[in-house]
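Chemist: my questions are about this predicted structure, shown below with the sequence.
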Amino acid sequence: MKVICDRGALVESLNLVGGVVVARTPKPVLACVKLTATEDLLTLAGTDLEVAVRLSTPRVEVQEVGEALVPADKLQQIVRESTDPTLTIETDQDVARITGQDSKFKIFGHPPADFPPIPEFKGDPDFEISAADLHRLIAMTIFATARENSRYAINGVLLERDGKKLAMVATDGHRLALARGTCKTSDEAGRSAIVPTKALNLLLRLFDDAEQTVKIKIADNQILFQTDEALLASNLVEGNFPPYNDVIPKEGDKKATLDTDVFVSAVRRAALLTNEESKGVRMAFSDDGLTLSSRAPEMGEAEVSVPVPQYQGDAIEIGFNPGYLLDALKVIDTGQVQFEFKAPNKPGVLRTGPNFLYVVMPVNLQ
């Protein structure tokens, strides 16, 4: 194999594929990236046996087709540190040589045949969605997934399709995020899958062109996402996702409409005087507006007042973890948000129209 690569394009491709490569593993081939040169493309592939990524770049001159299996970290470091606009990668058996204007490197690799096969996208997709819409659905839910929870089913995001309607749901037991969208499909049957957080984080980086169409296929215990340039395949999270509709409270009788930016600023300021022992912010809603307050022993107290453009219902005082609120507020792209309540010991619900809601449990206030 011999290719002359645009260094900038190669850096970008290696960063994306490197996101799935295992740094420390008893299987050396999993620490490698597979390079495949065809007539006019260089394809890079990486896998950790749970998630696999394959990415093609046309910004190469292929002088000799072939394959190579090269340690990802060293190849990334060499390409990143180079100052040359182009680099030549040439392989002889399991040895790769990277040449620039004033530098030469030789890397010992492995036989390409030892690399685990990357799943293929076979047949028609189950459905298609624009990369922009997929990004929105992922960004509005992924932050609410559990971290290292023994209930594996909530370590991922539920993707649920009913005809052309698409929903993504995430929860960690303290909050739940639900985002809705639409997709293109001729299959009216419903499908669902729990997608690992790692795969979704990679998707956000891999499919960065909002105009791209992403084809999606669920097969057995895997889900595949494909565009013209890239493919991501991931094993699904096993188990049953909690019945999330049971968690969403019915419409609350106390409703506050808030300016999103004003609310974000107020929560951030009130959170300044919280700590691990007292991380709740008290929120007092009434017809007169909203007052946020916090206190932490040996630190002090904070009080922030903001107007509420619209409020209905009796006055209420309720406490929330400010970090949980800010996680949701920073992905909301509407000018106003509605906050609903029933009682100080019942969950609050943030809504932005029909396509996003966020359920958050209250905290006890001393």
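Modeler: Done, it's in. Residues are numbered from 1 along each chain as shown.

Chemist: okay, stretch 79-94 in CSV with CA atoms only?
Modeler: Extracted C-alpha coordinates of stretch 79-94, given in CSV (Å, rounded to 0.1, in the frame of the first residue of the first chain):
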residue,chain,number,x,y,z
VAL,A,79,0.5,12.8,12.0
ARG,A,80,-0.6,15.4,14.6
GLU,A,81,3.0,16.6,15.3
SER,A,82,3.9,16.8,11.6
THR,A,83,4.1,20.3,10.0
ASP,A,84,3.9,19.0,6.4
PRO,A,85,0.8,19.6,4.3
THR,A,86,1.0,16.0,3.0
LEU,A,87,2.4,12.7,4.3
THR,A,88,3.2,9.5,2.5
ILE,A,89,2.2,6.2,4.1
GLU,A,90,3.8,3.2,2.6
THR,A,91,3.6,-0.4,3.9
ASP,A,92,5.7,-3.5,3.4
GLN,A,93,4.1,-6.6,5.0
ASP,A,94,3.5,-5.5,8.6
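
Chemist: could you pull out the buried residues of that stretch?
Modeler: 79, 82, 86-91 (16 or more other Cβ atoms under 10 Å). In this view, the C-beta of every residue, glycine as well, is placed from N, C-alpha and C.

Chemist: over to stretch 52-59?
Modeler: Across stretch 52-59, burial judged by 16+ other Cβ under 10 Å covers 52-57, 59.

Chemist: closest to I332 out of these?
Modeler: Nearest to I332 among those is V53, at 29.7 Å by Cβ to Cβ.

Chemist: packing partners for whatever helix or strand that closest one lives in?
Modeler: If you go by DSSP states H and E, V53 is part of strand 51-57. Counting contacts by 3 or more Cβ pairs under 8 Å, 6 or more residues apart in numbering; DSSP states H and E, strand 51-57 is packed against helix 7-18, strand 42-47, helix 197-206, strand 230-235.

Chemist: tell me the angle the helix or strand following it makes with strand 42-47.
Modeler: Next along the chain after strand 51-57, taking DSSP H and E as the criterion, comes strand 60-64. Orientation check (axes from the mean of the first three to the mean of the last three Cα atoms, to 10 degrees): strand 60-64 against strand 42-47 gives 90 degrees.

Chemist: give me the residues contacting strand 60-64.
Modeler: Taking contacts as Cβ atoms under 8 Å, 6 or more residues apart in numbering, the residues outside strand 60-64 that touch it are 1-6, 9, 37-42, 90.

Chemist: as JSON lines, the buried residues of stretch 79-94 with pLDDT, distance to V337 and secondary structure would be great.
Modeler: Formatted as JSON lines, the buried residues of stretch 79-94 follow (pLDDT from 0 to 100; distance: Cβ to Cβ, whole Å; DSSP: H, G, I helix; E, B strand; the rest coil):
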{"residue": "V79", "pLDDT": "95", "distance to V337": "44", "secondary structure": "helix"}
{"residue": "S82", "pLDDT": "94", "distance to V337": "47", "secondary structure": "coil"}
{"residue": "T86", "pLDDT": "95", "distance to V337": "49", "secondary structure": "strand"}
{"residue": "L87", "pLDDT": "96", "distance to V337": "49", "secondary structure": "strand"}
{"residue": "T88", "pLDDT": "96", "distance to V337": "54", "secondary structure": "strand"}
{"residue": "I89", "pLDDT": "97", "distance to V337": "50", "secondary structure": "strand"}
{"residue": "E90", "pLDDT": "96", "distance to V337": "56", "secondary structure": "strand"}
{"residue": "T91", "pLDDT": "94", "distance to V337": "55", "secondary structure": "strand"}
